[in-house]
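*Asks:* quick one: sequence and predicted model below, then my questions.
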Amino acid sequence: MAASSQGGRIWLLLLLPFVMSIGVLLRFYPPSYSIQVGQPFPSVLISSEQKAGGEMLSENSSSPTLPPSTSPALSMPLGTKEGQTASVRPAKLDQAPWRPATELDNPTTGGLEAVRGMIRKSSRAEHEPINMESFLQRGFVYVRNVFPRDVVEAFASKIGSYVSNRGKMAQQTHYGAVIPDFRKDDYLADIFEALHTNSRVHAVLQQIFGGAMGPGKGQYRFLQDNDIGVNVKSAWHKDRLSGIYRGYEMHSPWDVVQGEEMRVAKVGVYLQDHSNPRDHTALRAVTGSHNISRVPGENFDIRFLHPSVGDVIIFDQRLTHGGQGPSTPQDHIAPDEMNTTGPGEILSRGGQRIMLQLGYGWNNIHSDDFETGTVMRQRLFQSDECGHNGYSPCALRVVQADFKKRGVQYACNNAAACP
């Protein structure tokens, strides 16, 4: 009997390492589940901790929809497309909920470790200085290969899902949608962080502004201007405050005030490839037009911008620019681009055309005025106060009331079309 008991103990000792190894494997490699992307996934996969940090869950939701390659609570193949079945695995339950990065060299894309790693690697790439003389003369510059293709495709898929499912901040239009102040939506905030915290972008901005990002004189800051455009079409314009919001512009953007001029730079990213020389569906710009205040009826030296997937465009906010569409007899294309027009020219594209934009500016009175007007416009578009319409008669009354408090005199009877 004693020998039998002793033998049993020996067997237990021999089996113990094997049992422990299974526990370790289950901890780090939990069972996977098959799930169709774009369909609800089982709430059993989500812990209360993950609900607190998850992007798709509302307070009362236990079975959210999984868009392609977006959920921080799941590990799944990045290239999985809508409607496909993917093998997904719950994240480790003791893992802290994902939070957006705050350091310039640590951007994120929503909790996917593989994507975060690619962005960090991209951000550590050598910062090649831009030609400042060219930027000041032309009004725009490319920053090439900032984001890997997989990251850009994940952004596009996420935004497309948000718009098609009528996300709460998406303003639907007859041609597509715009999402003003998208950084305030928890589902889209990681896309904002990925661009806003990118060290390569800020290396170029530091060169443009001649100083670091910060609160001091000679430094620059984020002006809270941020939006996403989906299939937006626009005529020639400058990104000044428009409509009733022009009243916040106390000084012309071309005036020198208190010894300082305006310098506001827009950081833009197209999420589709426009590298084909005949692709004229991205930004088109009137070279050097940021140096003049008016938008004339006839424009010269027009250039079509051709960002590849992952490129960033930085341009002076005062630059005259427009979106996709045919040219008119009053549009004079730059001579070296004339051979890209005519037969075979791509003037529109099927599917979605998505652009992200963020605005940065010097710490001065010009930036103060622009930021004040921008914050008011975004507030009215993203609140029930005026039915999510920043150009409505209600918005006109709200802004005029704010003008009165500020002692601003600005005559306007139409919020969308003031002088």
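*Replies:* Yes, it's here. Numbering: from 1, shown residues only.

*Asks:* need the longest strand for this protein.
*Replies:* In the chain, taking DSSP state E as the definition, the longest strand is strand 220-230.

*Asks:* low-confidence stretches in the stretch 201-350 of the chain?
*Replies:* Applying pLDDT under 70 to the stretch 201-350 of the chain flags no residue at all.

*Asks:* all the helices of the protein, residue numbers only.
*Replies:* Assigned by DSSP state H, the helices in the chain fall at 2-28, 48-53, 113-123, 132-138, 149-164, 189-196, 199-209, 365-381, 393-406.

*Asks:* looking at the ones you listed, which one has the lowest mean pLDDT?
*Replies:* Mean pLDDT is lowest for helix 48-53 among the helices of the chain, at a mean of 29.

*Asks:* for stretch 409-419, C-alpha coordinates in PDB please.
*Replies:* The C-alpha coordinates for stretch 409-419 follow below in PDB (Å, rounded to 0.1, in the frame of the first residue of the first chain):
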ATOM      1  CA  GLN A 409     -19.100  94.100 -35.200                       C
ATOM      2  CA  TYR A 410     -19.800  91.900 -38.200                       C
ATOM      3  CA  ALA A 411     -22.800  92.400 -40.300                       C
ATOM      4  CA  CYS A 412     -24.200  89.100 -41.700                       C
ATOM      5  CA  ASN A 413     -27.600  87.800 -42.600                       C
ATOM      6  CA  ASN A 414     -26.700  84.300 -43.800                       C
ATOM      7  CA  ALA A 415     -24.400  82.100 -41.700                       C
ATOM      8  CA  ALA A 416     -23.100  80.300 -44.800                       C
ATOM      9  CA  ALA A 417     -22.600  83.200 -47.100                       C
ATOM     10  CA  CYS A 418     -21.400  86.300 -45.400                       C
ATOM     11  CA  PRO A 419     -19.500  89.000 -47.300                       C
END
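
*Asks:* name the residues that touch it?
*Replies:* 242-244, 246-247, 390-393, 395-396, 399-400, 403 (CB atoms under 8 Å, 6 or more residues apart in numbering). The C-beta positions use only the backbone N, C-alpha and C, and glycine is treated the same way.

*Asks:* can you pick the most crowded of the residues you listed?
*Replies:* The most crowded member of the contacts of stretch 409-419 is residue 244, carrying 29 neighbours; neighbours defined as other CB atoms under 10 Å.

*Asks:* that one and residue 400, how far apart?
*Replies:* As defined by CB to CB, to the nearest Å, residue 244 lies at a distance of 7 Å from residue 400.

*Asks:* what's the angle from the longest strand of the chain to helix 199-209?
*Replies:* 120 degrees (axes from the mean of the first three to the mean of the last three CA atoms, to 10 degrees).

*Asks:* name the helices or strands packed onto strand 220-230?
*Replies:* Packing partners of strand 220-230 (3 or more CB pairs under 8 Å, 6 or more residues apart in numbering; DSSP states H and E): helix 149-164, strand 177-180, helix 199-209, strand 354-362, helix 365-381.

*Asks:* which elements pack onto the shortest one?
*Replies:* In other words, strand 177-180. For strand 177-180, the packing partners by 3+ CB pairs under 8 Å, 6+ apart come out as helix 149-164, strand 171-172, strand 220-230, helix 365-381.

*Asks:* what pairs with that strand, parallel or antiparallel?
*Replies:* Using DSSP bridges, strand 177-180 pairs in its sheet with strand 171-172 (antiparallel), strand 220-230 (antiparallel).

*Asks:* do you know which of these lies nearest residue 292?
*Replies:* Between residue 292 and the strands paired with strand 177-180, the shortest separation by CB to CB is 22.2 Å, and it involves strand 220-230.
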